[in-house]
Each structure stands twice: as structure tokens, then as C-alpha cells.
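[1] Please work out how this folds:
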Amino acid sequence: MFELEREEHVDAETLETVLNSHLARYPEAPVAAFRPDGVLVALPESIPLKRNPVLKARSGMDLVVHGDRVRMLATWDRVLAGGAGRCLLHLTDQPNATVTFHGLDLRETHGVVLAMFVPTDASDSPDQEAREIPKALPRFATIGKDERSFILKIDEAITQILGWSAEEMEGRRSIEFIHPDDHALAIDNWMEMLAFPGPGRRVRLRHRHRDESWVWFEVTNHNLLDDPDHNCVSSEMVDISDEMAAQEELRAREQLLDRLAEAVPVGLVQVDAGRDVVYTNDRLHEILGVERATTVEAQLGTVVEADRPALERALDDVLGEGRHTDIEVELRLPPNHELRFCTINLRALSHDDGTITGAIGCVADVTDSARMRDELKKRATFDELTGCYNRASIMFALEANLAAGQRQAERAVMFVDLDRFKEVNDQHGHAAGDELLRILAERLRSVVRAEDLVGRIGGDEFLVMCPNIGGQERAMKLAKRLTKTLHEDVCLTTGNISHQVSIGVAWSNGDCIDADALVAQADTAMYESKRQRTGQPKLATTDPEITARRSKRARADQASCTKSS
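    Predicted coordinates:
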């Protein structure tokens, strides 16, 4: 075993010999590579490992328990100064097992500082004292002080905890060993103790260790100056470094979570099991338009009334059953009742035993995507020029109505065609033709019943679907009202024009017929109306042979008229 505990830096050749010796002697000892500042880096391939596992962490401090970090820092300084060093430590993943930390400064040959952690039962160091497990430091200590806070006496525990001997501390003011940031608190506590004798007053202060680190104590000063058996102030001190370190770690984590909560682009709300609001971030209030409220119902007060039942069910599910719930709701934001859309994702919070303690909600503004979705849906459903249903959607609606069965047995469809529409485009321009189509579509919608649907199925062709029409007579009566309204002159931007439409009506009393067949009947009747040139609606016959003959004759007449014109 090479012993390398010297002040001058060991040469690279010797360190390489020590490295090979350690790897041969401890082929399964964990290793790690570091930068000089203690941050872990990848282990160079140039180091000839055996079966040694490579540890991973953020830094060397993360590998060892809190109580051993000061010892590791001191050893680390020796490694950087002299090339090598060692000490006994406890790793965080095995806090009850003692290992020997061997550090080698291999920056000259391999570019890293190597650490090897050898279990104590694998070490053959002849130094028996170094092989002993360090005794646990005491947590309780006592210092006697006079009325001016000069230290009169310390016990052995203070020396073990802080490293100062009695000769180094006695005769000096205690303030010299207290962190400067804690001076005001220490002095205030001391003066109160002197002014009001009685029970001890506790204060938490940092005291300087001999290695210049800081140790947290909870100090209780007992005023025993008038007690003839003591004639001093007795300071009872409890080492709370681990507790304060845990609190500091918790505070750091809470700060990190707070920063993350404020940085994320979604609103966050935490509620308890009683639906009281525990936490919100600023983004939530921007989305909801509501200041901090005490209850989740009030916090989500801008959700529209129609979406309230869904929100209530979602809260019941997550707080009552622990089920994750995702919903989309509409908001009306003050002061102008602006319409917005947001998603609310609710996740349950619970104890280890499954008891639900509350929930966390993520609220995201999806107004832009919701409006885009609605716009795409609108474009897929409605004709852009006239606002009527397009061919696909009106036929789908008719098929769904027919599939509904006897409950909606009496229905009609009306095939509406604008006569001589080509002449309007030729004489007045396509813009005038588009304007005419928009006006006629609006007139159609103004005459039909509330439950009727109007669709544009071609350039100048419209289809009106009338569920529950109540018979042929009522269907024809509605068709005549359409004819009268559509025949009225239209005032276009280019001037008034007169026009005429042809309407074919097909009626179904619930017999077996599909949407295409029903529309074909109406189409045939429309051509019959166009052939007769009366401008009056025509009722389709249900006789297939008559329908076929009329359809053939009407289309022939239409072709003849088109050719002659």
C-alpha cells in the first residue's frame, strides 16, 4: 500500500503507479471522476478499470452523508495540494456502511481527479486508527458565561462539535464565535435574558467551527448570575445542523417549485379536500380574470353557467373518488364579458394510505385553438358563400333523419334551382351572381321553419330538408311560400333584376327510401317544373316508371332550351 500524505505534490509517475496498485487491489470498489471544483465528469477511457462500478451524481458532496462533507472537503484540499489523500466516509446510498475515500490527482495524465470508495473490510491499511469508524459527535453541549458574555468554561462536547479547545475559547466573548449575520439576534436575546431573569430564552445561531465552517445550535441561555452555586449564565446548546440543513433543502425545493409555478405558461390552483384554495400562481388569474378567492367555486367563477355542471362533476370525481379529470369550459371575462376557452386538468393529491387531501388543477387558455377548431368545423359544414349547409353536411343530415325511423316518418325535401342563372353571370358579372345567391339563400332561411335545414348542393341549386312536415299538402304549401318569396325582384349592387326559380318537392311517409333516392325524386320534380315554365313547385310522384319518364323528358327539354339559347 502506497502512503501519499505529504505536502509537496506527488509526481505523475508515482500517482500512476498508485492508481494501478489501487485498481489491482480493489477491482470492485466504486470510482468516480471529478473536476477540481468537485463536479462529477465522465470517467476517461484511459483509466484501466477492472470491474469497478462508476458512480453518478451532481458532485462529490452528493455522494456522502451531510455529517461527512466537512471531512471530505478537508481531504479534497489535501488531494489537490499534494496529489493524494484519504479519509473515512459514509455514502448516502449506504449511510450505515463505512468506506475509505482515496483521492488521486490525475489531471496531468488523465485530466481528472479520481475518487475510489473502498469498503473498510476491503482495506488493508496498517493504520488501525484510520480503520476505526468515527464516533458519532455529541449533540448537546454547555458553555458557562459571565454577565458580559465572556466564556468562563466549555465542556468536552463543545470541543468535539466545534473543534476548539478550552484554551482557545475560554476568556473570549461568545459573539466572536457567532456568524456575523446572527449578531443582532444573539445580542437581543442576551439583553432580554439579562433584563428579565427567569426561564431560559431560546435562539438559533450559527457558530464557527475551527475549520471555518458553520454549525447551527439552538441556544438556551439560563440567567444563573444570582445563583450562588453557579454565578454565571449557563448556555445549553443543541446541535441542529442536520435539521437546519433539511430545512434549507426544503426551502430551496419550495423556492424552485415557486419559480417553476410562476414560469410555466399555465395557471395552477391547489385546493384542499374541503374545496378551499391553498395556492394559485399569477398566470391563473390572468387566464380566469379573477383575483385570489377562498374557494375553488369562486376562483373559477368566470366559467359560464352552461359548463358549471361539468365542472362540478369533475371536482366531485377528483376530490371524492380520486379520478383524474380533464374538461374544456367557456369563460366570460370581466369587464366586457369576453368569451374565452380553457382546459382544466384536475389531479388528486393523497396520503400514502390513499386518503384524498385535495387536488391540483392546471388551467390552460386554448381560445385560439378552440376558435380554429370551430372555424375548421364551420368550413367543413357550411358553404362559405351563402352560409347554408354544404352538400356533404345536408346529405348527412338527411340520412340521419331517415335513419331515425317512424318517429320522424313524414318528411320532405325541396330541390330549388335558379332559372337562367348563367345569364345573370354573363350580363352582370360573377360578383353579381354571388350576391344573388347570398340573397336567395337568406330568403330561403327566412321562410322555412326553425327545424328545417337549407343546403347549397351546386352552383345555383339548393336543397331544403323538412322533417315532420305533416303530409304532402303542408309540404306543397311551404314550397309555394318559398316560390313567392324567391320570385320577388332582387336589388343588386348593379341594379334590380327579375328572376324565377324551379322547385321540386319529394315527400316520404316513412317507407323504405334512402337519401339519394329522395333527393333524386325532388330533382326530377324540379326539372318537371322547369319544363312547364310556370314557376310553380312540382310534387314528385313515387311511381318509379313515371319518375323515370318525367326525369328523361325534363332533362331533354332542359338540354334543348340550353342549346337554343
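
[2] Name the residues of the helix or strand where residue 474 lies that are buried.
    Secondary structure assignment for residue 474, by DSSP states H and E: helix 472-487. By neighbour count on 16 or more other Cβ atoms under 10 Å, the buried set for helix 472-487 is 475, 476, 478, 479, 482, 483, 486. To be clear about C-beta, it is placed using only N, CA and C from the backbone, and glycine gets the same treatment.

[3] Give me the pLDDT for the third one.
    To tie it back to what came earlier, the one meant is residue 478. pLDDT recorded at residue 478 is 92.

[4] Contacts only, for the closest residue to it other than its chain neighbours.
    Of all residues not flanking residue 478 in the chain, residue 466 sits nearest, at 6.6 Å (Cβ to Cβ, 6 or more residues apart in numbering). Contacts of residue 466 were listed using Cβ atoms under 8 Å, 6 or more residues apart in numbering, and they are 411, 412, 413, 414, 448, 449, 451, 452, 475, 478.

[5] Quick one: these as a markdown table, columns for secondary structure and distance to residue 68 too.
    As requested, these are exported to a markdown table (DSSP: H, G, I helix; E, B strand; the rest coil; distance: Cβ to Cβ, whole Å):
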| residue | secondary structure | distance to residue 68 |
| --- | --- | --- |
| 411 | strand | 86 |
| 412 | strand | 90 |
| 413 | strand | 87 |
| 414 | strand | 90 |
| 448 | coil | 86 |
| 449 | coil | 86 |
| 451 | coil | 81 |
| 452 | coil | 84 |
| 475 | helix | 93 |
| 478 | helix | 92 |
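
[6] From those residues, keep the buried residues only.
    Buried members of the contacts of residue 466, counted by 16+ other Cβ under 10 Å: 411, 412, 413, 414, 448, 452, 475, 478.

[7] give the contact list for the second one.
    Right, residue 412. Contacts of residue 412 (Cβ under 8 Å, 6+ apart): 466, 469, 472, 475, 478, 505, 506, 507, 508.

[8] Which residue in those residues has the weakest pLDDT?
    Ranking the contacts of residue 412 by pLDDT, residue 508 lands last with 83.

[9] correct me, but that one touches residue 517?
    No - under the criterion of Cβ atoms under 8 Å, residue 508 makes no contact with residue 517, lying 9.3 Å away.

[10] So the two - more neighbours on which side?
    Neighbour count, other Cβ atoms under 10 Å: between residue 508 and residue 517, residue 508 has more, with 21 against 14.

[11] The more buried one should be in a strand, yeah?
    Yes - residue state for residue 508 (DSSP: H, G, I helix; E, B strand; the rest coil) corresponds to a strand.

[12] Residues in a beta bridge with it, which ones?
    Counting by DSSP bridges, residue 508 forms beta bridges with residue 411.

[13] Return, as residue ranges, the portions of the stretch 101-250 of the chain with sub-threshold pLDDT.
    Judged by pLDDT under 70, the stretch 101-250 of the chain has its weakly predicted residues at 121-136.

[14] can you give me the helices in it?
    Applying DSSP state H, counting those that start in this stretch to the stretch 101-250 of the chain gives helices spanning 128-131, 156-162, 166-169, 183-195, 241-263.

[15] Of all the residues in the fourth one, which ones are buried?
    This means helix 183-195. Across helix 183-195, burial judged by 16+ other Cβ under 10 Å covers 186, 189, 190, 193.

[16] and the nearest residue to the second one once chain neighbours are set aside, what is it in contact with?
    Read that as residue 189. In this structure, residue 189 finds its nearest non-sequential neighbour in residue 203, 4.1 Å apart by Cβ to Cβ, 6+ apart. Listed by Cβ under 8 Å, 6+ apart, the contact set of residue 203 reads 185, 186, 189, 218, 219, 221.

[17] Averaged pLDDT, stretch 320-336. What do you get?
    Stretch 320-336 shows an average pLDDT of 91 in the prediction.

[18] before we move on, the earlier item: which single one of the contacts of residue 203 is nearest to residue 498?
    Nearest to residue 498, judged by Cβ to Cβ, of these is residue 185 at 97.5 Å.

[19] Which residue is the nearest non-sequential neighbour of that closest one?
    residue 203 (6.1 Å).
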